[in-house]
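In: this one's sequence-less:
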């Protein structure tokens with residue numbers, strides 16, 4: 001009965017989501033008209049901060065930044081391109097890409113506005129994030145002219161290829177830029193080295209360094225760091241130390257904490273833990289009191305050395321800075337303590353965060369919740385979860401994923417299904433999907449119980465959500481085989497999912513359907 005309710009809830013959710021999407025499309029124009037018809041009285045007292053705040057409060061896809069701009073100008077108010085550029089940059093940092101692009105597009109339609117190289121670079125980045133590389137390529141080829149603009153926008157496009165790990169296009173584009181004389185500093189080369197590191201093409205990193213030296217392009221700190229990492233993967237510690245010494249001799253580069261941190265990582269991978277500790281000590285001397293980012297890196301590295309005392313010592317040094325400690329800082333420390341098995345210490349840090357927090361961030365409590373579940377403390381995890389709800393915590397998909405995995409391990413399948421349902425309800429906000437292990441554990445539970453009806457409903461729900469797998473279908477086929485039930489509905493779902501059968505699935509289907517297998521491809525071996 002619980003299974004049916006679970007699936008019914010999922011179906012209801014999917015239906016509601018379809019309806020909501022339709023409603024969104026139908027009321028978008030209505031919402032825009034509401035914004036356009038705001039009374040003059042409402043605009044009379046507007047200030048520049050009101051204008052900026054109104055755009056920052058917009059919710060995509062309902063609100064349109066261009067509509068707000070039109071209203072502002074129509075009511076006789078002025079806004080400078082400089083202000084709009086700053087606002088677009090702020091929106092980009094907030095990952096409000098659609099609104100930022102709307103502002104950029106609006107500016108382009110105004111008389112007297114000329115796109116600067118920086119504007120082209122920003123618009124290129126926004127197009128990549130919203131519409132993808134194909135449209136970005138078209139914009140670059142057809143809309144941008146002038147050496148300065150091409151140079152600025154080309155870097156954004158190259159970064160897009162690197163992010164997608166498209167080696168072929170990145171190399172071709174880099175060759176084109178070199179041929180056009182647009183590569184004049186280390187940044188494009190660094191992007192290529194990032195790509196080669198990410199795709200384990202370490203030898204190509206060394207070739208990039210050689211090309212930079214041949215073209216007399218000065219290496220910067222990132223260039224040296226990438227070079228050291230590549231040498232660590234190819235040749236080992238001695239070659240990395242040679243690069244490090246060359247960096248020290250380079251008068252154009254200032255040795256900072258990041259390079260010493262990179263050196264420490266190489267030492268750790270090679271098992272030279274004393275040298276790693278010494279490098280980290282030197283890195284501490286290079287940390288900036290105005291930029292606390294480096295402290296979190298060193299805390300993580302000391303945790304990799306299983307050195308709890310150094311983790312806490314650097315943390316205390318971080319707290320002594322005038323810079324406010326944010327959630328990311330607390331999360332970084334708690335993750336390190338949990339990794340070290342120091343749950344009690346992580347609890348103490350969590351309490352410290354609670355005493356200083358402005359609002360409840362569920363990501364912080366999720367770290368402790370995950371530690372409880374992984375260590376088999378399920379009762380404590382459940383109690384802690386209830387406490388977070390009482391304190392105003394709003395569970396996200398990760399919260400339910402953690403609890404789901406814990407309940408699967410303790411074979412509390414009804415609770416696991418309920419957690420999965422709640423996680424599914426958040427799918428409109430993210431692209432989360434449960435792990436294959438959890439999905440299969442629940443399927444195996446049905447198989448073990450011989451629950452044909454429950455298993456069928458469950459697989460149908462997973463199929464409807466778009467991530468059914470061959471092992472999941474085989475589990476259902478086995479249940480049908482034991483129960484000697486026809487499997488036409490399973491075959492139809494597999495056909496929709498374009499699922500190819502292996503030997504086991506083929507044999508199960510033959511046994512169930514009397515050797516009549518629909519037109520499926522068979523994978524042998």
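Out: The structure has been received and is ready for your questions. Computed from a prediction, not measured in an experiment: that's the story for all the values here. Numbers count the residues shown, from 1 in each chain.

In: so where is the stretch 1-150 of the chain shaky, pLDDT-wise?
Out: Filtered on pLDDT under 70, the stretch 1-150 of the chain yields the residue ranges 1-49, 60-62.

In: any idea how far the nearest residue to residue 263 once chain neighbours are set aside lies from residue 261?
Out: Spatially, and ignoring its direct neighbours in sequence, residue 263 is nearest to residue 279 (4.8 Å; CB to CB, 6 or more residues apart in numbering). Backbone N, C-alpha and C define where each C-beta goes, glycine included. Separation of residue 279 from residue 261 (CB to CB, to the nearest Å): 8 Å.

In: now the strands for the stretch 201-350 of the chain?
Out: Taking DSSP state E, counting those that start in this stretch, the stretch 201-350 of the chain contains no strands at all.

In: Then the chain?
Out: In order along the chain, the chain carries no strands (DSSP state E).

In: hang on, residue 411 packs against residue 444?
Out: No: counting by CB atoms under 8 Å, residue 411 stays clear of residue 444, with 10.6 Å between them.

In: Looking at those two now, which is surrounded by more residues?
Out: residue 444 (16 against 11; other CB atoms under 10 Å).

In: Quick check, the more buried one in contact with residue 475.
Out: Yes: Residue 444 is in contact with residue 475 according to CB under 8 Å; the separation is 6.5 Å.

In: In contact with residue 174, which residues are there?
Out: 158, 183, 188, 192 (CB atoms under 8 Å, 6 or more residues apart in numbering).

In: ok, so of these, who is nearest residue 289?
Out: Of all the contacts of residue 174, residue 188 has the smallest distance to residue 289: 32.6 Å, by CB to CB.

In: Which residues are in contact with residue 80?
Out: Counted by CB under 8 Å, 6+ apart, residue 80 has zero contacts.

In: Okay, it and residue 278: tell me how far apart.
Out: On the measure of CB to CB, residue 80 and residue 278 end up 53 Å apart.

In: before we move on, what about residue 290?
Out: As judged by CB to CB, residue 290 and residue 278 stand 25 Å apart.

In: So which of the two has more stuff around it?
Out: Shown here are residue 290 and residue 278; by other CB under 10 Å, residue 278 has more neighbours (15 against 8).

In: Tell me who's in contact with the closest residue to residue 443 other than its chain neighbours.
Out: Distance criterion CB to CB, 6+ apart; nearest residue to residue 443, sequence neighbours excluded, is residue 475 at 4.3 Å. Residue 475 makes contact with 440, 443, 444, 446, 447, 455, 459, according to CB under 8 Å, 6+ apart.

In: Restricted to helices, list those.
Out: Those of these mapping onto helices are 440, 443, 444, 446, 447, 455, 459, per DSSP state H.

In: JSON lines for those, including pLDDT and distance to residue 63?
Out: As requested, the ones in helices among the contacts of residue 475 are exported to JSON lines (pLDDT from 0 to 100; distance: CB to CB, whole Å):
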{"residue": "440", "pLDDT": "91", "distance to residue 63": "42"}
{"residue": "443", "pLDDT": "89", "distance to residue 63": "43"}
{"residue": "444", "pLDDT": "89", "distance to residue 63": "47"}
{"residue": "446", "pLDDT": "86", "distance to residue 63": "45"}
{"residue": "447", "pLDDT": "88", "distance to residue 63": "49"}
{"residue": "455", "pLDDT": "86", "distance to residue 63": "45"}
{"residue": "459", "pLDDT": "89", "distance to residue 63": "40"}
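
In: coming back round to it: from residue 446, how far out is the residue nearest to residue 443?
Out: Residue 475 is 8 Å from residue 446, where distance means CB to CB.

In: Let me know the distance separating the residue nearest to residue 338 when sequence neighbours are not counted from residue 104.
Out: Among residues not flanking residue 338 along the chain, residue 371 sits closest, at 4.4 Å (CB to CB, 6+ apart). Counting by CB to CB, the gap from residue 371 to residue 104 is 44 Å.

In: next one: residue 440
Out: Counting by CB to CB, the gap from residue 440 to residue 104 is 47 Å.

In: and these two? which has more neighbours close in?
Out: With neighbours defined as other CB under 10 Å, residue 440 and residue 104 compare such that residue 104 has more, 23 against 17.

In: show me what contacts the more buried one?
Out: By CB under 8 Å, 6+ apart, residue 104 lies in contact with 88, 119, 122, 123, 126.

In: residues near residue 373, how many?
Out: 24.

In: Might you report the residue contacts of it?
Out: Residues counted as contacts of residue 373 (CB under 8 Å, 6+ apart) are 381, 402, 403, 405, 406, 409.

In: And residue 250, by the same measure?
Out: So, once contact is read as CB under 8 Å, 6+ apart, residue 250 ends up touching 219, 224.

In: now residue 455
Out: Residues near residue 455 by CB under 8 Å, 6+ apart: 443, 446, 447, 475, 476, 479.

In: List the buried residues in stretch 382-397.
Out: Residues of stretch 382-397 classed as buried by neighbour count (16 or more other CB atoms under 10 Å): 382, 384, 385, 388, 393, 395, 396, 397.

In: need these in JSON lines with distance to residue 55, can you?
Out: Shown next, in JSON lines, are these (distance: CB to CB, whole Å):
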{"residue": "382", "distance to residue 55": "43"}
{"residue": "384", "distance to residue 55": "39"}
{"residue": "385", "distance to residue 55": "37"}
{"residue": "388", "distance to residue 55": "33"}
{"residue": "393", "distance to residue 55": "30"}
{"residue": "395", "distance to residue 55": "30"}
{"residue": "396", "distance to residue 55": "26"}
{"residue": "397", "distance to residue 55": "29"}
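
In: The nearest residue to residue 116 once chain neighbours are set aside and residue 187, how far apart?
Out: Leaving out its chain neighbours, the residue that sits closest to residue 116 by CB to CB, 6+ apart is residue 149, at 7.8 Å. For residue 149, the distance to residue 187 equals 16 Å [CB to CB].

In: So between the two, which is more surrounded?
Out: Under the criterion of other CB under 10 Å, the comparison of residue 149 against residue 187 puts residue 149 first, with 20 against 15.

In: ok, now how distant is the more buried one from residue 173?
Out: Using CB to CB, we find residue 149 at a distance of 16 Å from residue 173.

In: just residue 422 next, same as before
Out: As judged by CB to CB, residue 422 and residue 173 stand 44 Å apart.

In: okay, these two: which has more neighbours?
Out: Ranked by neighbour count (other CB under 10 Å), residue 422 and residue 173 place residue 173 first, with 20 against 16.

In: tally of neighbours for the closest residue to that one other than its chain neighbours?
Out: Nearest non-adjacent residue to residue 173, counting by CB to CB, 6+ apart: residue 158, 5.9 Å away. Other residues within reach of residue 158, judged by other CB under 10 Å, total 21.

In: ok, now residue 210?
Out: Counted with other CB under 10 Å, residue 210 comes out at 10.

In: again with residue 67
Out: 19.

In: What of residue 512?
Out: For residue 512, the neighbour count with other CB under 10 Å is 22.

In: That one contacts residue 477, correct?
Out: Yes: using CB under 8 Å, residue 512 is in contact with residue 477, at 6.7 Å.

In: what residues do the two have in common as contacts?
Out: Residues touching both residue 512 and residue 477 (CB under 8 Å, 6+ apart): residue 487.

In: So the chain: which segments form each domain?
Out: 185-286, 435-525 (automatic domain parsing).

In: Leaving out the residues flanking it, which one is nearest to residue 317?
Out: With sequence-adjacent residues excluded and distances taken as CB to CB, 6+ apart, residue 317 is closest to residue 295, at 6.9 Å.

In: check contacts around that neighbour.
Out: Applying CB under 8 Å, 6+ apart, we find residue 295 in contact with 287, 314, 315, 317, 318, 321, 329.

In: hmm, try it at 7 Å
Out: Contact analysis of residue 295 by CB atoms under 7 Å, 6 or more residues apart in numbering lists 287, 314, 317, 318.

In: Just the pLDDT for the residue lying closest to residue 423 once chain neighbours are set aside.
Out: In space, and not counting its chain neighbours, residue 423 is closest to residue 400: 3.9 Å by CB to CB, 6+ apart. Per-residue pLDDT puts residue 400 at 95.
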